[in-house]
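Peer 1: need the 3D shape of this:
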Amino acid sequence: MAVTFSYVGARGDHLPLGGTINTAVNINQLDPKYLALGSTVLNQQVANPFFGNPAFAGTALGNNATTTRGQLLRPFPQFFDISMFQVSEGVNRYNAGVVELSKRVTHGWGGRFSYTYSVLKDNQVGETNFYSHPGAGGPINNYNYVASLPACTGDRVASYTQMCFDPLVDYTNGILDTPHRFVVAPIVALPFGKDHKIGQSRVGNLFAGGWTMAAVFTWQSGFPFGVTQSNSNSNLLGNRQRPNVVSGADTSTTGDWLDRIASQDHPTAAWVNPAAFSAAAAGTIGNAPRVITSTRSPILTQTDLSVSKNIGLTGGRAAQIKIEVINLFNRLQPRGSNMTMTQGNAAFGRIVAQSGFMRMTQVMFRYSW
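Peer 2: Here you go, the predicted model:
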């Protein structure tokens, strides 16, 4: 028997902002310093200097006599959005502590039991998660990630709380962060048959001896959520928008697990509390963080079972019968990747899909000689 305490760490630098997704950064967003001008000024129609020159500015601008003042304040005013891919300003840090108990099968039992506490932090704003919703799924302020864009005026500007070119401004728990993971994998040799008090006879050993049971039980905490706002009203052109967090509001809904999952019995049930978020005012950037850790996706848990019987035959031959049951309790895994996490949407915060697979049983027979 051994008890092990270990640390596991991983560090990543110069990673893509989207992790496994090639997330684009719009290099033609307005400089956040222009937020102070207000939406009225930025949306004002003014003479278009590119009118009549579609070969230079394209038909969308070149064929219109007027455009908005905000369009002319873009770094490249003759174009709309300009997407830059493979931006390698991403970083991640993974730290974990593991406690593990391992026991060889003696006196009829053994197995492995482990608990992992971990923290994954990153700034990979475009990363996705099958079990959770990443929210905006891209940069809110593109100036944070492209050093070649014109520098902002001053460290802070009115109604804006993030610095220009600061790729770590959204460095927080990653969308793949899951702090707790508990695995129990016992092995038990049933005390029947030869060399045991029960079933010592030849017939008793044939039916009751040689049975072994093994199981794997996994319990894992959920993942964070991201929240976005449908109306990108900051008027920075080409950016996304996050809502504001309502002070003192609980981001989780009340009730037990089944009451919070949308179903035929609870069609309007929400996992995330829509009242915990409000729309950011025009000309501002919402204060919601990149991910919400106070509410996580439902826990992931599964139990698998294996039962086998070894049959000794004469002449060095042997047979084995094994029955394996995957997802023993036929538990579904709620999936949050397709839930609506857009503030103001009537379906906000509802988990409406499941994943995983139903209980599966397979029977195997092995003969060796």
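
Peer 1: give me the low-pLDDT residue ranges for the chain?
Peer 2: In the predicted model, the chain carries pLDDT under 70 at residues 150-163, 196-206.

Peer 1: mind naming the longest strand for it?
Peer 2: The residue-count maximum for a strand in the chain (DSSP state E) belongs to strand 90-106.

Peer 1: enumerate the positions of the helix or strand hosting V3 that are buried.
Peer 2: In this assignment (DSSP states H and E), V3 forms part of strand 2-15. If you call a residue buried by 16 or more other C-beta atoms under 10 Å, then strand 2-15 has these buried ones: L15. All C-beta atoms are positioned from the backbone trio N, CA, C, and that covers glycine.

Peer 1: buried residues, stretch 345-363. List them.
Peer 2: Judged by neighbour count (16+ other C-beta under 10 Å), stretch 345-363 contains these buried residues: 348-352.

Peer 1: endpoints of it, how far apart?
Peer 2: 48 Å (C-alpha to C-alpha, to the nearest Å).

Peer 1: I would like the residues contacting it, please.
Peer 2: Outside stretch 345-363, the residues within contact range by C-beta atoms under 8 Å, 6 or more residues apart in numbering are 130-131, 230, 253, 260-262, 268-274, 297-298, 302, 321-342.

Peer 1: please apply the same query to stretch 70-85.
Peer 2: If you take C-beta under 8 Å, 6+ apart as the criterion, stretch 70-85 is touched by 22-31, 34, 42-43, 46, 49-50, 56-58, 60-61, 146, 149-150, 235, 237-238.

Peer 1: in that stretch, what's buried?
Peer 2: Buried residues in stretch 70-85, counted by 16+ other C-beta under 10 Å: 70-71, 73-75, 77-80, 82.

Peer 1: kindly export it (C-alpha atoms) in CSV.
Peer 2: Output in CSV follows, covering the C-alpha atoms of stretch 70-85 (Å, rounded to 0.1, in the frame of the first residue of the first chain):
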residue,chain,number,x,y,z
GLY,A,70,-16.7,56.4,-35.9
GLN,A,71,-15.9,54.7,-39.1
LEU,A,72,-13.4,57.5,-40.0
LEU,A,73,-11.7,57.2,-36.6
ARG,A,74,-10.8,53.5,-37.2
PRO,A,75,-7.1,52.7,-37.6
PHE,A,76,-7.9,51.8,-41.3
PRO,A,77,-10.9,53.9,-42.0
GLN,A,78,-11.2,52.7,-45.6
PHE,A,79,-12.1,49.2,-44.4
PHE,A,80,-14.6,47.7,-42.0
ASP,A,81,-13.5,44.8,-39.8
ILE,A,82,-10.0,43.4,-40.4
SER,A,83,-9.4,40.0,-38.8
MET,A,84,-6.0,38.9,-37.8
PHE,A,85,-5.6,35.2,-37.1
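
Peer 1: that stretch: how far from the chain's middle?
Peer 2: Using C-alpha atoms, centre = their mean, to the nearest Å, the distance from the centre of stretch 70-85 to the centre of the chain it belongs to is 31 Å.

Peer 1: ok so, going back, pairing partners for the strand holding V3, with directions?
Peer 2: Using DSSP bridges, the strands paired with strand 2-15 in its sheet are strand 90-106 (antiparallel).

Peer 1: list the buried residues for the partner strand?
Peer 2: Neighbour-count burial for strand 90-106 flags 90-92, 94, 96, 103 (criterion: 16+ other C-beta under 10 Å).

Peer 1: now the element after it, going C-ward?
Peer 2: Counting by DSSP H and E, what follows strand 90-106 is strand 109-122.

Peer 1: elements contacting that next one?
Peer 2: Packing partners of strand 109-122 (3 or more C-beta pairs under 8 Å, 6 or more residues apart in numbering; DSSP states H and E): strand 2-15, strand 90-106, strand 172-173, strand 180-189.

Peer 1: closest one to A282 among the ones you listed?
Peer 2: Counting by C-beta to C-beta, A282 lies closest to strand 172-173 out of the helices and strands packed on strand 109-122; the figure is 25.9 Å.

Peer 1: circling back to that earlier point, out of the buried residues of strand 90-106, which comes closest to A249?
Peer 2: N92 (29.9 Å).

Peer 1: can you pull up the bridge partners for that closest one?
Peer 2: For N92, the beta-bridge partners are G12, D122 (DSSP bridges).
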